[in-house]
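In: how would this look folded up:
(one chain, ligands or ions: 1)
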Amino acid sequence: METFSTEIYEIWSKGKNVVISAHTNPDGDAVGAALGLAMAVAEIGAKPIVLIGKYSEKFDFIKGTEYIYNDDYDKIEPDVFIAVDCGDKHRLGDAEKVFDRAKTTFNIDHHISNDNFADNNIVVGTASSSCEVVYEIIKNFCVIDKNIAEALYTGIVTDTFGFKYNSTSKKTMEIGGILIDFGINHSAVQDRVLYERTPVEVEVFKNALNNLKTDGEIAYTTLNAEELESCKATSKDLDGIAEYILNIQGISISVFIYEKGHNLCKLSLRSKKTDVNKIASDFGGGGHLFAAGADFEGNIAMTLSVVLDKIKKELNSNE
Ligand SMILES: [Mn+2]
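Out: So this is what the prediction gives:
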């Protein structure tokens with residue numbers, strides 16, 4: 001990646017407008033990678049423009065928000081477009097049309113389902129997080145400071161659940177150590193992004209646990225539009241539910257489905273051993289080996305029945 005970094009530096013530092021964007025409904029890795037990268041791009045003398053959807057207030061401490069653009073996307077004239085943590089072009093949402101206008105495009109990611117949609121694709125499926133990949137690129141030409149370190153550390157911590165998931169490698173830990181050395185309050189970051197819950201998130205959890213059912217090794221729960229409405233919850237308040245129910249003794253796969261719109265559901269899958277990327281891909285989604293998701297056309301009951309059927313077949317074929 002070192003030689004590649006020289007080429008990247010040439011293109012990014014000469015870019016007049018360097019647009020950076022991430023997937024819609026951005027999580028900590030998407031926010032950390034986008035803002036961390038924006039600060040790095042500014043450090044090398046270019047002008048970053050960050051296009052990012054509304055994200056959970058738990059990530060409000062991440063610096064670099066002055067680069068977030070909130071005006072009309074049609075007015076942007078992008079030289080360079082860098083997508084981070086985004087498995088396919090359509091997940092850029094409204095920023096996709098800006099991507100299509102850019103002269104040079106980059107795709108920095110770690111989703112194994114990534115379809116290499118840009119001119120330059122730096123997709124490292126073995127990396128814990130997009131922030132880890134961003135660190136590996138910028139360390140060669142950017143002076144990393146405490147704010148950049150904190151942004152990248154946040155993404156790594158989010159996607160590895162505090163260096164716990166299998167995706168955590170020796171290198172992930174080493175990078176974590178290097179970032180801590182910049183003087184960030186790593187313990188406070190972990191508390192904030194992994195453990196602290198907003199009152200809305202607690203209400204959502206109460207409802208999700210109320211609807212929880214198990215079927216053999218599968219734990220599943222759902223939230224319909226009325227339930228979300230009664231909690232005043234939006235999509236950014238729904239993180240961590242599938243992860244939480246995977247902790248039940250004897251459970252190896254968890255399913256969380258919520259009603260996203262009329263006849264449209266969002267499916268999240270978490271697993272301890274089954275390839276859920278494969279299952280999500282069959283529904284037009286994707287993600288990682290043990291964490292993946294998809295949108296699903298249908299109501300909750302229909303989505304649930306199709307998904308449970310599919311999982312049972314997958315579990316049986318692996319026995
Ligand atoms: Mn990620």
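
In: elements contacting the helix or strand Ile11 falls within?
Out: Following DSSP states H and E, one finds Ile11 within helix 2-14. Secondary-structure packing of helix 2-14 (3 or more C-beta pairs under 8 Å, 6 or more residues apart in numbering; DSSP states H and E): strand 80-84, helix 130-138. Where C-beta positions appear, they are placed from N, C-alpha and C, glycine not excepted.

In: how about a cut-off of 10 Å?
Out: Where contact means 3 or more C-beta pairs under 10 Å, 6 or more residues apart in numbering; DSSP states H and E, helix 2-14 is packed against helix 28-43, strand 80-84, strand 104-109, strand 120-123, helix 130-138.

In: how distant is the fourth one from the center of its chain?
Out: Read that as strand 120-123. 17 Å (C-alpha atoms, centre = their mean, to the nearest Å).

In: what residues sit buried inside stretch 308-319?
Out: For stretch 308-319, burial by neighbour count (16 or more other C-beta atoms under 10 Å) applies to Lys310, Ile311, Glu314, Leu315.

In: typo on my end, stretch 86-102
Out: For stretch 86-102, the neighbour count (16+ other C-beta under 10 Å) marks Cys86, Gly87, Asp88, Lys89, Arg91, Leu92, Gly93, Ala95, Glu96, Val98, Phe99, Ala102 as buried.

In: any idea of the mean pLDDT for that stretch?
Out: Taken as a whole, stretch 86-102 carries a mean pLDDT of 97.

In: and that stretch, is it in reach of the ion?
Out: No: applying C-beta under 5 Å from the ion, one finds stretch 86-102 separated from the ion by no less than 9.2 Å.

In: for that stretch, measure first residue to last.
Out: 17 Å (C-alpha to C-alpha, to the nearest Å).

In: likewise for stretch 240-249?
Out: End-to-end span of stretch 240-249 (C-alpha to C-alpha): 17 Å.

In: quick one: pLDDT of the residue in the chain positioned nearest to the ion?
Out: Ranked by C-beta to the ion, the top residue of the chain for proximity to the ion is Asp29, at 3.4 Å. At Asp29, the pLDDT value in this model is 98.

In: I'd assumed Ser128 was in contact with it.
Out: Yes: counting by C-beta atoms under 10 Å, Ser128 is a contact partner of Asp29 at 8.9 Å.
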